[in-house]
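K.L.:
Sequence first, then the predicted structure:
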Amino acid sequence: MKITSNRTKAYRILSLIVLILLAVAFTFPLYWIVTGAFKTGQDIYATTPHLWPTEWTMSNFDKLFSRRSAPLFEIGTLVGPTVPGVIRWLVNTVFMSVMAMILTCLTAAMAGYALAKKRFIGRTLLFSLIVCAMALPKQVILIPLLREMSALHLWDSLWAVIFPTVGWPFGVFLMKQFAEGIPGEILEAARVDGAGEIRTFATIVLPMVKPGVGALAIFTFINSWNDYFMQLVMLASNANYTISLGIATMQAETSVDLGLLMSGAALAAVPIIIVFLIFQKYFTQGITMGAVKG
Amino acid sequence: MAKQPKSTMSRALVRRETISGYLFLLPSLIFFVGFVIIPMFTCIFYSLTDVNMNTQGMGNFIGLKNFTSLWADDTFKEALWNTFVIVIVSVPTVCAFSLWVSSAIYKLNGKLLSAFRCIFYLPVVTGSVAVTVVWKWMYDNYTGIFNYALKGLGVIDKNINWLGDPKYALGCIILILFTTSVGQPIVLYVSALGNVDQSLVEAAQVDGATNMQVFWNIKWPQMMPTTLYILVITTINSFQCFALIQLLTQGGSGTNTVMYYIYYTAFKLTEKAGHFGYANAMGVILAIFIGLLSALQFRLAKEK
């Protein structure tokens, strides 16, 4: 008995050490981005890498912000003040992610409720279609989607990235899981009390699936922020770029200026990581709920 | 007689439920049908035509010609092979690794547990472009930390051009893919381990079962649905690996994949440029493979 418990203890300590080493390895790329963003060219191109910058510099960011400028926003004829291009990219990315988030949450909450609680004709068929579509890689439908977007005159606009994200059925699937937890008696009672469909949805269903909406919101926001492939295919002009796409293009243009690239990468990654850390509780919940009955 | 009104009432109820059901579904259906279902069917249709970048309409119907040309296309075969290598290497390692990490962390206290969970999720949140850009630097021939560290440890004695050498490039990409793939499985396994029926575990321990026995005979079967889900999402993720290839090697050094080749065929200026029909045929094949693999995984998991 003693031997086994000693062994268990040794195993526990050993696994904790391995875990800590792994944790260091997993955080290292981010550390390398952030420190790299503040390193001088000399540090960056040294054949002996400097784990800590010998000298902190803002010159990479200065370079990043002095690149091609663009108006802060363009809504119809309304044109914002001129700002550095990267700021515009950030504004675009935030706009895109927030729009995708709002539209996804709204449509998915309604659809998920209907799929979970309404018994209508075609429900099973629709649900199997949703599950099948979820297993399909998004990229497969890229070309038809591209032609469709140009036919709708949406190509090279942020909407061309937002709409397919909203159409992706994961949100509906997730919200159905949450809506299934609503007791049927409560809905029945509301109906007996004479509450209309919209009132039932707004006052009873929505508050009950709120954790699900929170999870879906943060999930959609992060995914949309990082959905590089869709952005690459759908956006063409520099002023419409997202931050990911902007950095990727910068890499192709200036493949040697690592300091500049790191400052861009830091600008793309740090905001989304902060959002993630603030809302990670909901995020974890969302991922888990999506898997139940998956 | 008594039944008559009841059945009309339920029919009315069904109609009411159907109408309100579809009204609630409508906003979502517009996006789902418009931007997923229609492109999905168009994709299948395009794969049977010679539609290209300059075609205005649907192009000419050419039957299965795209598929037969694919069969003869060596680049496609290489891409397909590489895609399989990526999937076959990364799926089991991601599953095994995340299972081990989860079982090592799920009993830690709340703060420590969520710290570890966040750290392993970090590469996913950082975003594929930022991750790729920094890994490219880390793999660099002259200024990369890999060459420096491995030389310091005496593992290699000459700088290796990691991404330029066909011997290593695919492995390097799989390593990055690995770090960006384990986040979600770990979250899922941690919660699955937390949901294992404790009374069964205790009963087994009373009977003198070792930790290993408890794990494989009690916890593992109960986590099967989670494992299945993880297998499916990891498979899809590995098939979708695109940004890494496009930004690191552009399909060079033996790292071409189907996903990248589709993009390349459709948008890059080559002799095949803009061959949408051809690229769509690849998309269809990819979708079939993913469907088959998912079905296979379901079968295997059900049998167990």
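P.N.:
Here it is on my side, so go on. Numbers count the residues shown, from 1 in each chain, chains lettered A, B, ... in the order given.

K.L.:
drop to CA atoms for contacts and neighbour counts, all remaining ones
P.N.:
OK.

K.L.:
number of nearby residues for residue A:7?
P.N.:
For residue A:7, the number of neighbouring residues by other Cα atoms under 10 Å in any protein chain shown comes to 12.

K.L.:
List the contacts of residue B:117.
P.N.:
B:183, B:186, B:187 (Cα atoms under 8 Å, 6 or more residues apart in numbering or on different chains).

K.L.:
rerun that using 7 Å as the cut-off
P.N.:
residue B:187 (Cα atoms under 7 Å, 6 or more residues apart in numbering or on different chains).

K.L.:
cool, the one 3 residues further on as well?
P.N.:
Under the criterion of Cα under 7 Å, 6+ apart, the contact partners of residue B:120 comprise A:26, B:182, B:183.

K.L.:
Just want the phi and psi numbers for residue A:84.
P.N.:
With angles defined as degrees, to the nearest 10, residue A:84 sits at phi -60, psi 150.

K.L.:
Spell out which residues sit in contact with the closest residue to residue A:260 other than its chain neighbours, please.
P.N.:
Once flanking residues are discounted, residue A:260 sits nearest to residue A:60: 4.9 Å by Cα to Cα, 6 or more residues apart in numbering or on different chains. Contact partners of residue A:60, counting by Cα under 7 Å, 6+ apart, are A:37, A:38, A:259, A:260, A:263.

K.L.:
Are we agreed that residue A:60 is in a strand?
P.N.:
No: read with DSSP: H, G, I helix; E, B strand; the rest coil, residue A:60 is helix and lies in no strand.

K.L.:
Give me the distance between it and residue B:290.
P.N.:
Distance from residue A:60 to residue B:290, counting by Cα to Cα, to the nearest Å: 43 Å.

K.L.:
Please name every helix or strand in contact with the helix or strand hosting residue A:142.
P.N.:
For residue A:142, the host element (DSSP states H and E) is helix A:142-151. Using 3 or more Cα pairs under 7 Å, 6 or more residues apart in numbering or on different chains; DSSP states H and E, the elements in contact with helix A:142-151 are helix B:38-46.

K.L.:
Can you check what angle separates the helix it packs on from helix A:142-151?
P.N.:
Angle, helix B:38-46 to helix A:142-151, by axes from the mean of the first three to the mean of the last three Cα atoms, to 10 degrees: 110 degrees.

K.L.:
Now do helix B:38-46: distance to the chain's middle.
P.N.:
21 Å (Cα atoms, centre = their mean, to the nearest Å).

K.L.:
and the contacts of residue A:60, which are buried?
P.N.:
A:37, A:38, A:259, A:260, A:263 (16 or more other Cα atoms under 10 Å in any protein chain shown).

K.L.:
can you pull the contacts of the last one?
P.N.:
When contacts are counted by Cα under 7 Å, 6+ apart, residue A:263 touches A:37, A:60, A:61.

K.L.:
phi, psi of residue A:83?
P.N.:
Dihedral pair for residue A:83: phi -130, psi 170, per degrees, to the nearest 10.

K.L.:
correct me, but it touches residue A:73?
P.N.:
No: Residue A:83 lies out of contact with residue A:73 (Cα atoms under 7 Å); the separation is 9.4 Å.

K.L.:
who in the stretch 151-294 of chain A is up against chain B?
P.N.:
A:163-164, A:166-169, A:222, A:226, A:229, A:244, A:248, A:265, A:269, A:272-273, A:284, A:288, A:291, A:294 (Cα under 7 Å from any Cα of the partner chain).
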